[in-house]
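Participant: sequence and computational prediction follow.
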Amino acid sequence: MYEITEWTKKRAKDLGYKVKPSTNKQKKIDVFRDGKKVGAVGAKNYGDYGTYLKTHGKQFADSKRKGYLARTEWCNKPESNCYLARSLLW
């Protein structure tokens, strides 16, 4: 089971979301706003910024984050799964 990182918890709180472990076994987190589920994001078989911080350190995590953010620069529709993943996991 994926353990939600402190990075993701802080990002969620700052952006007005709540996160819980996903009920979808292929996803990391379910995202809620005002008690309503707005998305399920993060493929379990891929890393994310918070996980890389814990396992590989800040320099490696920052490098991975830079690449992810560059690849998803186009993704800016609020509450789309892509936007939520970009905002909460990276």
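Facilitator: Perfect, thanks for sending it.

Participant: residues in contact with the longest helix along the chain?
Facilitator: Ranked by residue count, the top helix of the chain under DSSP state H comes out as helix 58-71. Applying Cβ atoms under 8 Å, 6 or more residues apart in numbering, the external contacts of helix 58-71 come out as 47, 49, 52, 53, 86, 90. In short, each C-beta sits where N, CA and C put it, glycine included.

Participant: wait, the second one touches residue 90, no?
Facilitator: Just to be clear, that refers to residue 49. Yes. Using Cβ atoms under 8 Å as the test, residue 49 is close enough to residue 90 to be in contact (4.8 Å).

Participant: rewinding a little: looking at the contacts of helix 58-71, which are in helices?
Facilitator: 49, 52, 53, 86.

Participant: in CSV, list these along with distance to residue 74, neighbour count and pLDDT.
Facilitator: Converted to CSV, those look like this (distance: Cβ to Cβ, whole Å; neighbours: other Cβ atoms under 10 Å; pLDDT from 0 to 100):
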residue, distance to residue 74, neighbour count, pLDDT
49, 19, 21, 98
52, 23, 21, 98
53, 25, 18, 97
86, 10, 18, 97
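
Participant: one step back: of the contacts of helix 58-71, which is the nearest to residue 72?
Facilitator: residue 86 (5.0 Å; Cβ to Cβ).

Participant: any idea how far the closest one is from residue 49?
Facilitator: 10 Å (Cβ to Cβ, to the nearest Å).

Participant: of all the contacts of helix 58-71, which comes closest to residue 15?
Facilitator: residue 86 (11.2 Å).

Participant: pull the contacting residues for that closest one.
Facilitator: 68, 69, 72, 75.

Participant: and those residues, which of them are buried?
Facilitator: residue 68 (16 or more other Cβ atoms under 10 Å).

Participant: can you redo the contacts of residue 86 as TSV with pLDDT and distance to residue 57?
Facilitator: Formatted as TSV, the contacts of residue 86 follow (pLDDT from 0 to 100; distance: Cβ to Cβ, whole Å):
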residue	pLDDT	distance to residue 57
68	97	17
69	96	18
72	95	23
75	92	26
